[in-house]
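Participant: prediction below, plus the sequence it came from.
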Amino acid sequence: MAERCAWCGTEPIYVDYHDTEWGAPERDPRALWEKLVLDGFQAGLSWLTILKKRDNFRAAFEGFHPETVALWGEADVARLLTDSGIVRSRAKIEATIGNARAYLAIAEREGFDHFLWRYVEGAPLQNRFRAMAEVPASTPLSERISKDLKRAGFRFCGPTITYAFMQAVGMVNDHIVTCPAHDRVARLA
């Protein structure tokens, strides 16, 4: 009997995210940056909280266009701190602005998508975990990517956040093998 990954529970927005988005290989550089930013905002919170606020985040950060966000300053931070539709953390908001600048430097040098996907040689790592308890919170690879992101100027991208990001954007397929999405995501690779 097929068994969906237990982490998504039964909340419809979470189930839909699991079934249609999580783990599918994402190659669009702007979408990759958006997911990394949102994973950073999730630090200390549940992903469900962020998922429910995702449209608000997209509006507040003007579609997550790094070229726009990189130009923001203190007035924009102050504006975002009054936006009850997002997580109002000065540190995370300021990090997002800095991360936009770091993103642009990487994008100009080699492309953000190439920067990330080269860690897995362009193809998702295919894990075959039988239970959620087997899925790690971080790996040596997520530690390496985290260090490289930090070296490039990113913040809120520790190894655990980075691994959650890798799972979300399909750099690794961590759907358990009994989950119907495991084989579907594997075929997308």
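Facilitator: Nice, thanks for sending it over. These numbers were taken from a predicted model, which means no experiment stands behind them.

Participant: rest of the way, CA atoms for contacts and neighbours
Facilitator: Will do.

Participant: who's in contact with Met132?
Facilitator: Cys5, Ala6, Trp7, Ile176 (C-alpha atoms under 8 Å, 6 or more residues apart in numbering).

Participant: which residue packs closest to Arg4, ignoring adjacent ones?
Facilitator: With C-alpha to C-alpha, 6 or more residues apart in numbering as the criterion, Arg4 has its nearest non-adjacent residue at 4.3 Å, and that residue is Cys179.

Participant: contacting residues around that neighbour?
Facilitator: Applying C-alpha under 8 Å, 6+ apart to Cys179 gives the contacts Ala2, Glu3, Arg4, Cys5.

Participant: among the contacts of Met132, the buried ones, what's the PyMOL command?
Facilitator: The following PyMOL line selects those of the contacts of Met132 that are buried, judged by 16 or more other C-alpha atoms under 10 Å:
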select buried, resi 5+176
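
Participant: hmm, which two among the contacts of Met132 are most spread apart?
Facilitator: Pairwise distances across those peak at 10.6 Å for Trp7 and Ile176 (criterion: C-alpha to C-alpha).

Participant: just give me the longest helix of the protein.
Facilitator: helix 90-109 (DSSP state H).

Participant: give me the buried positions along that helix.
Facilitator: Per 16+ other C-alpha under 10 Å, helix 90-109 contains these buried residues: 92-103, 106-107.

Participant: which ones among the contacts of Met132 map onto helices?
Facilitator: Reading helices off the contacts of Met132, I find no matches (DSSP H).

Participant: need the contacts of Met132 in CSV with pLDDT and distance to Arg88, can you?
Facilitator: Below are the contacts of Met132 laid out as CSV (pLDDT from 0 to 100; distance: C-alpha to C-alpha, whole Å):
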residue, pLDDT, distance to Arg88
Cys5, 95, 30
Ala6, 93, 29
Trp7, 94, 26
Ile176, 97, 34
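
Participant: out of the contacts of Met132, who's nearest Ala186?
Facilitator: Nearest member of the contacts of Met132 to Ala186, counting by C-alpha to C-alpha, is Ile176, at 11.5 Å.

Participant: next one: phi and psi at the closest one?
Facilitator: phi -70, psi 150 (degrees, to the nearest 10).
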